[in-house]
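Student: The sequence isn't on hand, but the structure is:
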């Protein structure tokens, strides 16, 4: 029998260096998988939950610096309104901006509320001087308002996901918390 560490004895390598490299490779793979898992599970998500009704809970990843907005048709003005939110470190939201195409009931527009910027597509944008803080955001679904939740390039039409008249609550947490609830 040859005395070579690279020989195979009954189908197994006998070189201790091979086992050390194999163990190091396995450790690196486990470390990379653990890091990727932690990164994925520790990302902030939006949790959309129907309140007191049946329906699926939806978990959406946040993009664009933890910003998202609701887009809906205003009930009185019948024009589209966007309410823009940012997620805070304490899992609350601040509404920092609104965009709309007509002044109407319930829409901020006074000079003391912020600075209005007129956009080229016949809409106005108001950056609020005092952003409004919300622990959760609640809304009723309906085909009239056509409420959509927008995160980055993703658009979730809430009025298609839940029956008309469903109270929907939007909250935020880390992904691992959302899946453990």
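Tutor: Sure thing, it's come through. Predicted model only: the values in this text are computed from it and were never measured.

Student: Give the other helices and strands that whatever helix or strand residue 22 lives in contacts.
Tutor: Counting by DSSP states H and E, the element that carries residue 22 is helix 16-41. Contacting helix 16-41 under the criterion 3 or more CB pairs under 8 Å, 6 or more residues apart in numbering; DSSP states H and E are the following elements: helix 175-180. Yep, even glycine has a C-beta here, placed from its N, CA and C like the rest.

Student: contacting residues around the helix it packs on?
Tutor: Helix 175-180 has contacts (CB atoms under 8 Å, 6 or more residues apart in numbering) with 40-45, 47, 59, 61.

Student: For burial, what's the neighbour tally of the closest residue to residue 135 other than its chain neighbours?
Tutor: Distance criterion CB to CB, 6 or more residues apart in numbering; nearest residue to residue 135, sequence neighbours excluded, is residue 92 at 5.3 Å. Applying other CB atoms under 10 Å, we find 15 residues neighbouring residue 92.

Student: Next up, the contacts around residue 92.
Tutor: Residue 92 neighbours (CB under 8 Å, 6+ apart): 133-135, 172.

Student: quick one on the thing from earlier: immediately after the helix holding residue 22, which helix or strand?
Tutor: Assignment by DSSP H and E places the next element after helix 16-41 at strand 44-50.

Student: Give me the contact list for that next one.
Tutor: So strand 44-50 is contacted by 56-62, 66, 68, 87, 149, 151, 156, 158, 161-162, 166-175, 178, 181 (CB under 8 Å, 6+ apart).

Student: 6 Å - rerun?
Tutor: Outside of strand 44-50, the residues within contact range by CB atoms under 6 Å, 6 or more residues apart in numbering are 57-62, 66, 87, 162, 166, 168-172, 175, 178.

Student: who wins for most neighbours among the contacts of helix 175-180?
Tutor: Going by other CB under 10 Å, residue 45 tops the contacts of helix 175-180 with 23 neighbours.

Student: Tell me how far whichever strand in the chain runs longest lies from the chain's centre.
Tutor: Identified as the longest strand of the chain according to DSSP state E is strand 123-134. Put simply, strand 123-134 sits 20 Å off its chain's centre (CA atoms, centre = their mean, to the nearest Å).

Student: Just the buried residues of the contacts of strand 44-50.
Tutor: Buried members of these, scored by 16 or more other CB atoms under 10 Å, are 58, 60, 62, 66, 87, 162, 166, 168, 170-172, 175, 178.

Student: Pick out the most distant pair among those residues.
Tutor: Greatest spatial distance among these (CB to CB): 66 and 166, at 25.5 Å.

Student: Residue 142 reaches residue 166, doesn't it?
Tutor: No: in this structure, residue 142 is not within contact of residue 166 by CB atoms under 6 Å, at 8.8 Å.

Student: And the residue nearest the centre of the protein?
Tutor: Residue closest to the average C-alpha location in the chain (CA atoms, centre = their mean): residue 62, at 2.6 Å.

Student: Fine by me, we can end here.
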